[in-house]
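S.K.: need coordinates for the following:
(one chain, ligands or ions: 1)
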Amino acid sequence: MTARIIDGKILSEKLRATVAESVVAFVGATGAAPGLAVVLVGDDPASAVYVASKGRQTVAAGMRSYEHRLPADTAESDLLALIARLNADDAVDGILVQLPLPRHLDTGRVVAAIDPRKDVDGLHVENAGRLASGQPGLVPCTPYGAMIMLDSVLDRLAGLDAVVVGRSTLVGRPMAQLLLRADCTVTIAHSRTRDLAAVCRRADILVAAVGRPKMIAGDWIKPGATVIDVGINRVPAPEKGEGKTRLVGDVDFDTAVAVAGAITPVPGGVGLMTVATLLANTLIAAHRRRGLAAPP
Ligand code: NDP
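M.R.: Numbering: from 1, shown residues only. Model prediction:
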């Protein structure tokens, strides 16, 4: 038996198409397209690729994209001043500051400066608190996308045992909160967890958000489990030529696919959902700011 592949390409295209439809209705109702501002500080090549792709997909969904590229040595006060301007700009519904920031900038202070109603990355402490206390807010894009992937293969999440490996504020913690909201019985594992393999083997839903290539092999997985691999790790790929690399997840796909019931690939899985859910969050933020009911 091999697992069903949860295809991030198909699911993200579907979500982007739904968002684009809702944007048309939003423009019809308000006369303005939702706007997303993305701020990139420095010249990290991977971040530049992400930002360009976000801009393209924002425009393709019928929204306005505002890109702000700042030099790597930007003073924190200048970055905070830009965020203040974007907070006050009525054309901007969502603000995303591309992470990681250069070391001299305090990520916590920068994220805290974003208006929580425009915090489409869902990282502001107000949105984290809203998620933890079961109130509507903006949910971090990657876990949001992972939940859509789970819903695509599972009729019912209630009562299932879910294990999230990783407890970052960006992925692990909000993922666990979303699973709890869906009535799963949730375990959060991390670097201090004892007998991680045994903990993982209990999971009907296993989410790996660790950042360690292929750490979770097939013999850590309960037969038939649904596996969401959030990890994106670049590893050497000598088979492709000298100095070449490729992306792998935190799950050892080749052994896991023989045991799991459904699994996300890397690449082609969760990563593709993240921009689509960013657009969905921007649309939600645009509705809420105008007192309109957000699309489901
Ligand atoms: P962090 O480094 O912030 O967190 C990693 C977590 O894994 C920590 O909680 C850490 O535990 C835990 N961990 C580390 N080593 C082990 C171990 N040996 N056993 C058990 N737990 C361990 O990473 P992120 O959450 O930001 O990202 C995780 C992965 O997801 C990365 O590969 C990243 O590239 C990827 N990612 C993918 C995205 C996407 O769109 N698909 C978006 C964001 C991230 P402790 O807290 O105890 O240190």
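S.K.: can you tell me which residue is spatially central in this protein?
M.R.: residue 142 (1.4 Å; Cα atoms, centre = their mean).
S.K.: quick one: residues contacting that one.
M.R.: 170-171, 175, 209, 230, 270, 273-274, 277 (Cβ atoms under 8 Å, 6 or more residues apart in numbering). (Glycine included, C-beta is placed from N, CA and C.)
S.K.: hang on, it in a helix?
M.R.: Yes: assessed with DSSP: H, G, I helix; E, B strand; the rest coil, residue 142 lies in a helix.
S.K.: what about it, distance to residue 170?
M.R.: Per Cβ to Cβ, to the nearest Å, residue 142 is found 7 Å from residue 170.
S.K.: and for residue 108?
M.R.: Counting by Cβ to Cβ, the gap from residue 108 to residue 170 is 13 Å.
S.K.: tell me which of these two has more neighbours.
M.R.: Counted by other Cβ atoms under 10 Å, residue 108 and residue 170 do not tie: residue 170 has more neighbours, with 18 against 10.
S.K.: the more buried one in helix, strand or coil?
M.R.: Strictly by three-state DSSP, residue 170 counts as coil.
S.K.: check it and give its pLDDT.
M.R.: Predicted confidence (pLDDT) for residue 170: 95.
S.K.: so what's it closest to, chain neighbours aside?
M.R.: residue 140 (6.1 Å; Cβ to Cβ, 6 or more residues apart in numbering).
S.K.: ok, now which ones touch the one you found?
M.R.: Residue 140 is in contact with 121-123, 170-171, 174, counting by Cβ under 8 Å, 6+ apart.
S.K.: let me have those in CSV, adding distance to residue 204 as columns.
M.R.: Conversion of these to CSV gives the following (distance: Cβ to Cβ, whole Å):
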residue, distance to residue 204
121, 29
122, 25
123, 28
170, 24
171, 19
174, 20
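S.K.: low-confidence ranges, the chain, go.
M.R.: Applying pLDDT under 70 to the chain flags no residue at all.
S.K.: and the most far-flung residue of it relative to its centre, how far is that from the ligand?
M.R.: The centre of the chain is farthest from one residue, residue 242, which by Cα atoms, centre = their mean lies 32.1 Å away. Remark: distance between residue 242 and the ligand (Cβ to the nearest ligand atom, to the nearest Å) = 25 Å.
S.K.: got the contact list for that residue?
M.R.: Taking Cβ under 8 Å, 6+ apart as the test, residue 242 contacts no residue whatsoever.
S.K.: separation between it and residue 236?
M.R.: Relative to residue 236, and taking Cβ to Cβ, residue 242 is found at 10 Å.
S.K.: likewise for residue 279?
M.R.: For residue 279, the distance to residue 236 - Cβ to Cβ - is 34 Å.
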